[in-house]
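**Q** After the sequence you'll find the predicted model.
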Amino acid sequence: MIWINNISKRFGKLQVLDDVTLTCNKGECIALIGPNGCGKTTLIKTILGMVVADKGDILFNAKSIAKDVAYRNQIGYMPQIGRYPDNMTIGKVIDMIKDIRHSDTALDEDLYNAFELHKLADKKMSTLSGGTTQKVSATLAFLFNPDVLILDEPTAGLDPLASEILKEKIISEKNKGKLILITSHLLSELEDLVTQIIFMQDGRVKFHETQHTLKEQTGEATIAKAVTHLLKAGTYE
Amino acid sequence: MNRIIKFVFFDIIRNKIILGYTLLLGILSWGVFGIEDNITKGLLTILNVILLTVPLVSIIFSTIYIYNSSEFIELLISQPVKRKRIWLSLFNGLSISLILAFLAGAGIPILLYAPLRIGIMITLSGCLITAVFTAIAFLSSVSTRDKARGIGVSILLWLYFALLFDGLVLFILFQLADYPIEQAMIGVSMLSPVDLARILILLQMDVSAMLGYTGAVFKEFFGSGMGVVLASVFLVLWIAIPFSLSLRKFSRKDL
């Protein structure tokens, strides 16, 4: 579904992505983890075309993303920090995105209803709390029934209830066979979500394993322990 | 009208600054024509005010608006919308609303009071100048991430085009007075959109004394008809070139 070939990106002196090669297939639920500043968000933004890579290319369904933006119809993106025009209301933002995507598929308003956003539809984006902004971002990401979901720190800032709703939604989408890419620092939260784990450090992919093999190799019971085990042993080099 | 232009357009016309700009131009134009009996004198006053304020408001308002739209741009870029379309829509939305503000404020009284040909020429130049400085604003705001620096660059560019350029031309003129530089000066006048607009309008009026040096040479060299065509072409280039440069930068920009 998504093929990332030898992507490199440099911001000034800082090499943010260093020759990253990855393959993500349909039906996988992938956790993208790594320390702060390791290039997770930049990698995601590169897939979305928000950051233009210096070298390498990305294929989406065997088509290069550089030439055509239509592939973004199949992606739902939830940013880490959603930034929206201050003077627009929640309702207007959602309407505008609907207008722009004018997709033919039925809208998926599960999250809109579950987060009860209709009660807040007249509120301006500038007056929203961080958590409510995250709810809007999540709603927009799932709204168009995309084949690929890219979620950057989805549960950061959400209250436990909302976080649980979102997690259930992610699981139900995963069961529909969609490709889901999640970055998170809360490894315990990923436990019952992900099938694969990509660990990045200093702009490089250190390992890309299924959750199962990872646990088997290390003999640990949780993702968190397995990752720490690998890091301590240094076996991923 | 596409959706993004529509959004930008309706966002701007509700802006109080644009309303104030329209009112200011309106009060000025109606006031000048009301007080001054001599239409030509009135037009010259308005012309000078327009050539100062229109570039200033267009470039500063556009620069700030683009910086303030960064969230909007970011939101659109993760959607299936081409960067070129986003940038073009922003430009169209901004320049159309600024042009409408100019037309509503200054265009109506000018067209009512001035002789038709001159009136049309002034309104047309006003519209072109608005688009030129909006395009320059796009270039300066895409060049740097820092809002303060971007606005600073815009102010300096306005200062240069609206005030310094004339002084510079005069300086060159005095220094090289002994050489036949008339034709070279025509080339120099192409380097300033404000100068071009002034020439474009004054060529229509019978006030050679106000043409300024480059204008007088212009008239002598091309005659009125050819001069108008040439000055208009160069004004359009002043829109197209800064905008396409900014578009190129925007297409490669990381957000």
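**A** Everything's here; your move.

**Q** drop to CA atoms for contacts and neighbour counts, all remaining ones
**A** Noted.

**Q** What ranges does chain A have for its helices?
**A** Per DSSP state H, chain A carries helices over the ranges A:40-47, A:90-101, A:110-114, A:130-143, A:160-175, A:187-190, A:211-218, A:223-233.

**Q** Chain B: which of the ones you listed is closest?
**A** helix A:90-101 (6.9 Å; CA to the nearest CA).

**Q** ok so, going back, in JSON lines, list the helices of chain A along with mean pLDDT.
**A** Listed next are the helices of chain A as JSON lines, based on pLDDT from 0 to 100:
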{"stretch": "helix A:40-47", "mean pLDDT": "92"}
{"stretch": "helix A:90-101", "mean pLDDT": "88"}
{"stretch": "helix A:110-114", "mean pLDDT": "91"}
{"stretch": "helix A:130-143", "mean pLDDT": "93"}
{"stretch": "helix A:160-175", "mean pLDDT": "92"}
{"stretch": "helix A:187-190", "mean pLDDT": "84"}
{"stretch": "helix A:211-218", "mean pLDDT": "86"}
{"stretch": "helix A:223-233", "mean pLDDT": "83"}
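
**Q** Dump those helices to a markdown table, plus distance to residue B:121 and mean neighbour count.
**A** Listed next are the helices of chain A as a markdown table, based on distance: least, CA to CA, whole Å; neighbours: other CA atoms under 10 Å in any protein chain shown:
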| stretch | distance to residue B:121 | mean neighbour count |
| --- | --- | --- |
| helix A:40-47 | 48 | 23 |
| helix A:90-101 | 38 | 17 |
| helix A:110-114 | 54 | 16 |
| helix A:130-143 | 48 | 22 |
| helix A:160-175 | 60 | 16 |
| helix A:187-190 | 67 | 16 |
| helix A:211-218 | 72 | 15 |
| helix A:223-233 | 72 | 16 |
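
**Q** Span of stretch A:200-217 from start to end?
**A** This stretch, stretch A:200-217, spans 19 Å end to end (CA to CA, to the nearest Å).

**Q** Include distance to residue B:58 when you put the helices of chain A into TSV, please.
**A** TSV is the format used below for the helices of chain A (distance: least, CA to CA, whole Å):
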stretch	distance to residue B:58
helix A:40-47	33
helix A:90-101	27
helix A:110-114	40
helix A:130-143	33
helix A:160-175	45
helix A:187-190	51
helix A:211-218	57
helix A:223-233	55
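
**Q** Show me the one of these that comes nearest residue B:237.
**A** helix A:90-101 (31.4 Å; CA to CA).

**Q** Who are the packing partners of that closest one?
**A** helix A:130-143 (3 or more CA pairs under 8 Å, 6 or more residues apart in numbering or on different chains; DSSP states H and E).

**Q** tell me the angle of the helix it packs on relative to helix A:90-101?
**A** On the basis of axes from the mean of the first three to the mean of the last three CA atoms, to 10 degrees, helix A:130-143 is oriented at 30 degrees to helix A:90-101.

**Q** anything in helix A:130-143 sitting right up against chain B?
**A** No - applying CA under 8 Å from any CA of the partner chain, one finds helix A:130-143 separated from chain B by no less than 10.1 Å.

**Q** Relative to the whole chain's centre, how far out is that helix?
**A** 13 Å (CA atoms, centre = their mean, to the nearest Å).

**Q** And for stretch B:56-64?
**A** 10 Å.

**Q** Which positions in it come out as buried?
**A** By 16 or more other CA atoms under 10 Å in any protein chain shown, the buried positions in stretch B:56-64 come out as B:56-64.
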